[in-house]
Each structure stands twice: as structure tokens, then as C-alpha cells.
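1. Structural data only, the sequence is not supplied:
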């Protein structure tokens, strides 16, 4: 933890740029046009597929929703929310429709959890989380923003069916993708000391 790296040399300049990008990433909401084009989006998914993967199980599943398909997603969210909570007013359900248009592109994140392995399900879910973080970082490096959201819609079995997921696939949220506001406020980073400590060995038995 005490080791420092000298980034002053030209050889390490690219590493400094990469670190600067990682250290400046933050979530943005809402997001506007443009969204990544197909070439950029493929790079984002390539980054996702570099996530740690115990057992090489490849548990990552992603579904892209954009353009007119957002209208269908919004309608599905309204209908599913109304079924889940019929006593809520129409305005509460209409918020779901607007959610589908909070960004020009949505990536539905899911995990294909295998039970035919000794790799715990939790580790498979962690791999999908790591893949999603890789996507968020790649989007940021490409000049875009992302927002990972969950909530009752993500875990509703009816939405699972609407989006044609397999029985062993579990939705873990929605990644909203687009361009962040030019004047987005920089959010303060958490204090390192609140989250990191060094263990110096066992002092007693």
C-alpha cells in the first residue's frame, strides 16, 4: 500500500491517462443523445467480456434496448407495474414509461447462473457485476455516461418473460447509456480511509 509509481516518464503517460479516466468516472442521470454507435458499443461489450470469471462459466447476458423498442419496454413496464400494484394511481405507473426514455439506450444486465458447477452462485453474480463495471468504465473512456439501476421492475418475473430470458437467467438491473450533461456536477469521491485498512498479522489467538 505504500508503493508509489512515478508517472512522470513518457512511457507511463498512457497509464496516467487511463487512471485519470478511472478516477473521474461517476454515474449520470438522465442521459441524452447521442448513444454509442455500433462500433463503440461492441468495444463496451468487449470490455465486459474481460471480467474475472471463476471456472470460465461465461455467466454474462446483456440485452440492448434502443430506438422504437423503448416504447414497447415502457408499455411493458406500465402493464407489469399495474399488475404488481393495482391500487397505485395511473401517474405512478406512467413513471415506468418515462423510465424507458431516460436514456437513448438501455442494456438489460442478467446472469446465467449455472448449478452444474462447484462455483458458488454468488461468485457468478459477482462476475456479472464486474462485467458491468467494465462497461461503465469503457463508456466513460469513450465519452459517454452510464447509470446502473435496479428496483422491483428488474426482479419481476413478468419482465423476465417479456425480455425472453431463460429460466436460469436472472435480471440484475438496467444500464442506462447516453451522453451526460456538459455541466454535470463532479461528485465527491469517498474517503479512502473509511473503506481501506491494512491487516498487520494476528496479535493473539
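-> Sure, I can see it. None of these values were measured; they are calculated from a predicted model. Numbers count the residues shown, from 1 in each chain.
2. So residue 176, which state does it fall into?
-> Put simply, residue 176 is strand when judged by DSSP: H, G, I helix; E, B strand; the rest coil.
3. and the closest residue to it other than its chain neighbours, what is it in contact with?
-> Counting by CB to CB, 6 or more residues apart in numbering, the nearest residue to residue 176 once its immediate chain neighbours are dropped is residue 103, at 3.7 Å. To be clear about C-beta, it is placed using only N, CA and C from the backbone, and glycine gets the same treatment. Residue 103 makes contact with 30-32, 35, 147, 176-178, according to CB atoms under 8 Å, 6 or more residues apart in numbering.
4. got a pLDDT number for residue 17?
-> Per-residue confidence for residue 17 comes out at a pLDDT of 89.
5. Please apply the same query to the one 10 residues further on.
-> pLDDT for residue 27: 95.
6. I figured residue 40 hits residue 135, correct?
-> No. Assessed by CB atoms under 8 Å, residue 40 is found out of contact with residue 135, at 11.5 Å.
7. surely residue 71 meets residue 98?
-> No. The pair residue 71 / residue 98 is not scored as a contact, 11.8 Å apart, by CB under 8 Å.
8. Remind me what the helix ranked longest in the chain packs against, helices and strands.
-> Using DSSP state H, we find that the single longest helix of the chain is helix 121-141. Applying 3 or more CB pairs under 8 Å, 6 or more residues apart in numbering; DSSP states H and E, we find helix 121-141 packed against helix 13-24, helix 38-48, strand 60-66, strand 105-112, strand 145-149, strand 169-178.
9. of residue 40 and residue 135, who's got more company?
-> A direct count of neighbours by other CB atoms under 10 Å for residue 40 and residue 135 places residue 135 higher, at 27 against 15.
10. Now do residue 1, the pLDDT please.
-> 49.
11. Contact partners for residue 187?
-> Applying CB under 8 Å, 6+ apart, the residues near residue 187 are residue 26.
12. for it, phi and psi?
-> Dihedral angles of residue 187 (phi, psi; degrees, to the nearest 10) stand at phi -80, psi 140.
13. Just want to check the distance between it and residue 113.
-> Distance, residue 187 to residue 113, by CB to CB, to the nearest Å: 33 Å.
14. And for residue 191?
-> Residue 191 sits 35 Å away from residue 113, going by CB to CB.
15. Who has more neighbours out of these two?
-> For residue 191 versus residue 113, neighbours defined as other CB under 10 Å are more numerous around residue 113 (18 against 8).
16. close enough to count as contact, that one and residue 121?
-> Yes. With contact defined as CB under 8 Å, residue 113 reaches residue 121; the gap is 5.0 Å.
17. Can you pull out the low-pLDDT segments for this structure?
-> 1-11, 204-205 (pLDDT under 70).
18. repeat that for 90
-> The chain contains residues with pLDDT under 90 at 1-15, 17-18, 85-96, 182-185, 202-205.
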